[in-house]
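1. here you go, sequence then predicted model.
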Amino acid sequence: MTTDSDQKWRERSLFVVFLSALVTQNAIAIPYVRQNGPGSVKDFFVGDILKTTPGRFAMVDLTFVVIGFHVWALAEARRLRILPWWLASVVLTFGVGIATAIPFFFLVRERALRVAAS
């Protein structure tokens with residue numbers, strides 16, 4: 001059985017992870033794009049990372065993480081009636097990164113579960 005303190009701890013922890021990922025990923029991406037111009041945004045998806053075997057592996061790995069997570073999250077969002085938040089997580093995935101989108105969605109999900117239980 002989940003206690004109120006467990007719920008609060010999970011929500012706070014997920015918020016910290018979400019915020020940390022958002023700040024860290026943007027601290028890397030924004031200066032890079034400023035230095036290299038708006039067209040350099042594509043470098044995060046199809047640039048030099050695809051020229052090496054480890055880079056291709058990482059991109060394939062992340063692609064399946066993104067697909068698997070969003071397939072599950074869509075079903076969960078429908079079940080909990082939080083579809084707009086799922087859409088926001090999709091925007092975060094491609095606007096910032098999956099490391100920001102996943103804890104964001106988990107945080108929203110935790111809050112929806114808490115509200116549903118009360």
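-> Structure's in. What do you need? Numbering: from 1, shown residues only.

2. any weak-confidence spans in the chain?
-> Along the chain, the model assigns pLDDT under 70 to residues 1-2.

3. again, only this time at 50
-> Low-confidence segments of the chain (pLDDT under 50): none present.

4. grab the most central residue of it for me.
-> Residue closest to the average C-alpha location in the chain (C-alpha atoms, centre = their mean): Ala101, at 1.5 Å.

5. my guess is that residue meets Val90, correct?
-> Yes - counting by C-beta atoms under 8 Å, Val90 is a contact partner of Ala101 at 7.4 Å. All C-beta atoms are positioned from the backbone trio N, CA, C, and that covers glycine.

6. what comes up buried for the host helix or strand of the residue nearest to the centre of the chain?
-> Here Ala101, judged by DSSP states H and E, is contained in helix 98-117. The neighbour-count check on helix 98-117 (16 or more other C-beta atoms under 10 Å) flags 98-113 as buried.

7. again, but for stretch 24-36
-> Taking 16+ other C-beta under 10 Å as the criterion, stretch 24-36 shows Gln25, Ala29, Val33 as buried.

8. for this protein, what spans make up the helices?
-> All helices of the chain, identified by DSSP state H, fall at 4-36, 43-46, 53-80, 83-95, 98-117.

9. got a list of contacts for stretch 89-109?
-> By C-beta atoms under 8 Å, 6 or more residues apart in numbering, the residues outside stretch 89-109 that reach it are 11, 14-15, 17-18, 21-22, 25-26, 29, 62, 65-66, 69-70, 73, 76-77, 80, 82, 85-86, 88.
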